[in-house]
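J.: show me the folded form of this:
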Amino acid sequence: MSEESPGSHEKRRRPAKAWAPPPRKSSLLSAAMPRESIKARLLRFRPARWVFAHPFWAAAIALALALSVLPAILLAKVWPTASPGDPYSKRISIVDMIQTEMLCRTAHRAEAEGREAEAFGAWSIAFANNPGSPKAVRGLLRCVLNGPFFRPGKPGAVVDLADWLLALTGTNQADLKLAIRIYDRFNAADRTLQFLNSPELKGEHAALYAKALLLKGRYEEAGKWWRLVTENEVRGDPQLEAWWTAWRAGWGPIEERDAYMERLMNALADPVKRWFAKEALLQVFAKRQELSRYRRFLDKLKEYKMDEPADYLPYSKMLAEAGRKEEARDTLLKLDYKNAEILMKAAAALAAMGETEAGIRLLEKRTELQGRLSASLAFNYWSLYAGLASSAKDWQRLRKIGNAIRLRSETQPDLAGLAAFVEGEADHYAGATNEARVLFLELSDTKLPDPKRALEVAREILKLGYPDAAAALLQKQEPEFQDNSDYWGLLFEARFLLRQSEADLLRAAKKALETDPENPDRKLNYAAALMIARTNLTEADRLTLEYRIDAHDSYLGKLDRALALALMGRAKEIRPLLKQPPPADAAELWNTYAMAACLLLRAEGKPADALKALEIVDETLLFPKQREWLRRLKVELARAAVARPDRTSAGSSPPASRSSTNPFRPGA
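T.: Here you go, the predicted model:
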């Protein structure tokens, strides 16, 4: 082989190139390219060439895009009618808004042409489409006010609708006047008084204010305003004219009352005034208990086909008060009830006159109304039904009612708690107390319509003797009643009967006093809780002294004051407070009496007598700390009695049995 020259290998080697990134592909829309190049490239793409070269295709594509997007924009329900949580809050579309405006115009035309029913229907649909439209709400309210679709005193949701209008428009003057007329027409007296609270009212507004006062039973105040209203100022308004006449008939000068009464009775024949006259007459008859005239009034209502079962309720009450109970019962039983609320009032009226069984029969006679009950009314209906059965002590029927409520609670959850209570009450009176306790404890995990119902149920459970179930139910409701003294008082009672935790008892008593600091009973309960917990006895001493000042005749106050003084080391002062022993069957009072007497005898140096006084203490009625204190006290007294037997006196020892004998008779 021939040898290569040293430089020949280097000549054949390729020189190394520096690394560089691959060149970027230019985009069709690159800013670096000239405008003509972009157009040229786009025109090579056939669809783009159609758009650029043929304006027809450009318009067609734009129209297609618009038609595909526009319906979604128009039909999308994304526009809220009110803030979240408002009663009429919902989401609507642009189409709903357009339809609402068209319906408002249709309603206006119908009103102008006198087609009231068509106008009412248009306003109703417009409001349903857009509840947030002040125009639709305003028009519907005016239609209701001027049309024949709602009778006075039958408000339905109209009053709430007036509230909604004021919320939408910020209570401007025109809408405020409309709302006040709605409140007046449908007897929402509280709202009328709220918005017309001014000393400078005149004419129509003074009459509206006077009518509201009359409905609230504030007759003297109403009279002051009615005297400022003349008949000419209410003439032309059939409702205010009827109420002005009613005031004269019921509360005016005695010599004029019968004349105005006859004017109202005659107004029943006028188709325009009859409903207003009927409403006013019912108020007058509530003041003037005239049985014969009320009978004539009912006959006129029947003649004009205006009578309703509710109209016979005051009449039956008058009959019962006149001693004609059988006639009153028969009057209520023969009516044709089509409204569950009126049926319930009739059954309650029968029970009030001592005809509980008749009230139950009336409810059972119209069972078809049970299926038409709203959620809130259903609870009241079944509560009344069960209450009547309980009053009649018909425990078998009460059990059946409980089962019926349980079945309905599957579709109406608010009835579940009532079902548990009714079944538990039936078990309790049947002697099955364990089963009753389980059902009552179930109440704390079931739904009740509102917290106030829970308080009522807890109170009833406590009366039946189940403080554990009552306490569990009340504890669940605590967030709703932080500032309610009745709640804390009821919880204190449950904790006291449980006798388990001094801390829970003390907390309930303290909260009850904080929410009602001037209540003497709250003071005494807190003092008792402090003594039971053996803490802050100085405060207990102060509270028992205040209670003695507020209610000096209270025997319980005397005993608690005596025990407080004894625990404070002032036992020698309490002998006058212990002169009268408690009744023989008052176990709680005997415990307090015996403990106070024991501390008195110990302070007098009579340990044997003090030990004997403790023999009548029922330890099952004591809290844990009280039992421990009693155990230590007995040991102390036993040792003292052994060490100093000569200082005891048998003559002054309290009795070993709960009798009416006075152990602290003079000279003892």
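J.: any idea how far residue 113 is from residue 143?
T.: 14 Å (C-beta to C-beta, to the nearest Å). Glycine gets a C-beta too; all of them are placed from N, C-alpha and C.
J.: between the two, which one's more packed in?
T.: residue 143 (22 against 10; other C-beta atoms under 10 Å).
J.: show me where the stretch 251-400 of the chain has strands.
T.: Counting by DSSP state E, counting those that start in this stretch, the stretch 251-400 of the chain forms no strands at all.
J.: all helices of it, in order?
T.: Counting by DSSP state H, counting those that start in this stretch, one finds helices in the stretch 251-400 of the chain at the ranges 254-267, 274-287, 291-303, 312-321, 325-333, 340-352, 356-365, 375-391, 395-408.
J.: just for the stretch 1-150 of the chain, where's the confidence low?
T.: 1-58, 61, 66-67, 69-76, 78-90, 92, 147-150 (pLDDT under 70).
J.: pop out the phi and psi values for the closest residue to residue 300 other than its chain neighbours.
T.: Once flanking residues are discounted, residue 300 sits nearest to residue 268: 5.1 Å by C-beta to C-beta, 6 or more residues apart in numbering. The phi and psi values for residue 268, taken as degrees, to the nearest 10, are phi -60, psi -20.
J.: and residue 268, what's its pLDDT?
T.: If you check residue 268, the pLDDT there is 88.
J.: if we can go back for a sec, worst mean pLDDT among the helices of the stretch 251-400 of the chain?
T.: helix 274-287 (a mean of 85).
J.: what residues does it touch?
T.: If you take C-beta atoms under 8 Å, 6 or more residues apart in numbering as the criterion, helix 274-287 is touched by 151-153, 187, 214-215, 238-239, 241-243, 245-246, 249-251, 261, 264-265, 267-268, 270, 293-294, 297, 301, 304, 306, 311, 314.
J.: quick check: angle from that helix to helix 254-267?
T.: With axes from the mean of the first three to the mean of the last three C-alpha atoms, to 10 degrees applied, the angle from helix 274-287 to helix 254-267 works out at 140 degrees.
J.: list the buried ones in stretch 531-551?
T.: Buried residues in stretch 531-551, defined by neighbour count with 16 or more other C-beta atoms under 10 Å: 531-533, 536-537, 540-541, 543-545, 547-548.
J.: how about the helices of the stretch 251-400 of the chain, which one is nearest residue 198?
T.: helix 274-287 (24.2 Å; C-beta to C-beta).
J.: which elements pack onto the strand or helix carrying residue 635?
T.: Using DSSP states H and E, residue 635 maps to helix 624-643. Contacts defined by 3 or more C-beta pairs under 8 Å, 6 or more residues apart in numbering; DSSP states H and E place helix 624-643 against helix 520-533, helix 587-603, helix 607-613.
J.: are we agreed that residue 161 is in a helix?
T.: Yes: when DSSP: H, G, I helix; E, B strand; the rest coil is applied, residue 161 is found to be in a helix.
J.: how many neighbours does it have?
T.: 21.
J.: what's the answer for the one 4 residues further on, then?
T.: The criterion is other C-beta under 10 Å. On that basis, residue 165 has 21 neighbouring residues.
J.: now do the same contact list for residue 618.
T.: 587, 590-591.
J.: let me have the helices of the stretch 251-400 of the chain in a markdown table, adding distance to residue 123 as columns.
T.: Formatted as a markdown table, the helices of the stretch 251-400 of the chain follow (distance: least, C-beta to C-beta, whole Å):
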| stretch | distance to residue 123 |
| --- | --- |
| helix 254-267 | 30 |
| helix 274-287 | 22 |
| helix 291-303 | 31 |
| helix 312-321 | 34 |
| helix 325-333 | 39 |
| helix 340-352 | 27 |
| helix 356-365 | 39 |
| helix 375-391 | 27 |
| helix 395-408 | 36 |
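J.: residue 167 is nearest to which of those helices?
T.: helix 375-391 (22.7 Å).
J.: would you turn the helices of the stretch 251-400 of the chain into TSV with distance to residue 437 and mean neighbour count?
T.: Output for these, formatted as TSV (distance: least, C-beta to C-beta, whole Å; neighbours: other C-beta atoms under 10 Å):
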stretch	distance to residue 437	mean neighbour count
helix 254-267	58	15
helix 274-287	46	21
helix 291-303	50	15
helix 312-321	40	19
helix 325-333	39	18
helix 340-352	29	20
helix 356-365	27	19
helix 375-391	18	19
helix 395-408	16	18
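J.: among those helices, which is nearest residue 562?
T.: Once these are compared by C-beta to C-beta, helix 375-391 is nearest, at 40.5 Å.
J.: mind giving me the packing neighbours of that closest one?
T.: helix 340-352, helix 356-365, helix 395-408, helix 416-429.
J.: the same query, at a cut-off of 6 Å, please.
T.: helix 340-352, helix 356-365, helix 395-408 (3 or more C-beta pairs under 6 Å, 6 or more residues apart in numbering; DSSP states H and E).
J.: can I get the ones you listed in TSV with distance to residue 375?
T.: As requested, the helices and strands packed on helix 375-391 are exported to TSV (distance: least, C-beta to C-beta, whole Å):
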stretch	distance to residue 375
helix 340-352	13
helix 356-365	19
helix 395-408	11
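J.: among those helices, which comes closest to residue 608?
T.: Among the helices and strands packed on helix 375-391, helix 395-408 sits nearest to residue 608 (C-beta to C-beta), with 51.9 Å.
J.: which residues does residue 242 contact?
T.: 276-277, 280 (C-beta atoms under 6 Å, 6 or more residues apart in numbering).
J.: where do the helices sit along the stretch 451-600 of the chain?
T.: 451-464, 467-476, 485-498, 502-515, 520-533, 537-550, 555-567, 587-603.
J.: from residue 505, how far off is the nearest residue to residue 421 once chain neighbours are set aside?
T.: Excluding its sequence neighbours, the residue lying closest to residue 421 (C-beta to C-beta, 6+ apart) is residue 457, at 5.5 Å. Distance, residue 457 to residue 505, using C-beta to C-beta: 22 Å.
J.: residue 587 now?
T.: 18 Å.
J.: comparing those two, which residue is more hemmed in?
T.: It is residue 505, of residue 587 and residue 505, that has more neighbours when counted by other C-beta under 10 Å, with 26 against 15.
J.: distance check, that one against residue 463.
T.: 19 Å.
J.: re the thing from before, could I get the contacts of residue 242 as TSV with distance to residue 481?
T.: Below are the contacts of residue 242 laid out as TSV (distance: C-beta to C-beta, whole Å):
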residue	distance to residue 481
276	43
277	45
280	41
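J.: between those residues, which is nearest residue 473?
T.: The nearest one, if we look at those relative to residue 473 and count by C-beta to C-beta, is residue 280, at 45.3 Å.
J.: leaving out chain neighbours, which residue sits closest to the closest one?
T.: Residue 280 sits nearest to residue 246 (C-beta to C-beta, 6+ apart), 3.6 Å away.
J.: quick one: the strands in the stretch 51-200 of the chain?
T.: Going by DSSP E, counting those that start in this stretch, the stretch 51-200 of the chain shows strands at 79-80, 91-92.
J.: circling back: correct me, but the residue nearest to residue 300 touches residue 302?
T.: No: look at residue 268 against residue 302 with C-beta atoms under 6 Å: they stay out of range, at 10.9 Å.
J.: in TSV: the helices of the stretch 451-600 of the chain, plus mean pLDDT.
T.: Listed next are these as TSV, based on pLDDT from 0 to 100:
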stretch	mean pLDDT
helix 451-464	90
helix 467-476	93
helix 485-498	94
helix 502-515	94
helix 520-533	92
helix 537-550	89
helix 555-567	90
helix 587-603	91
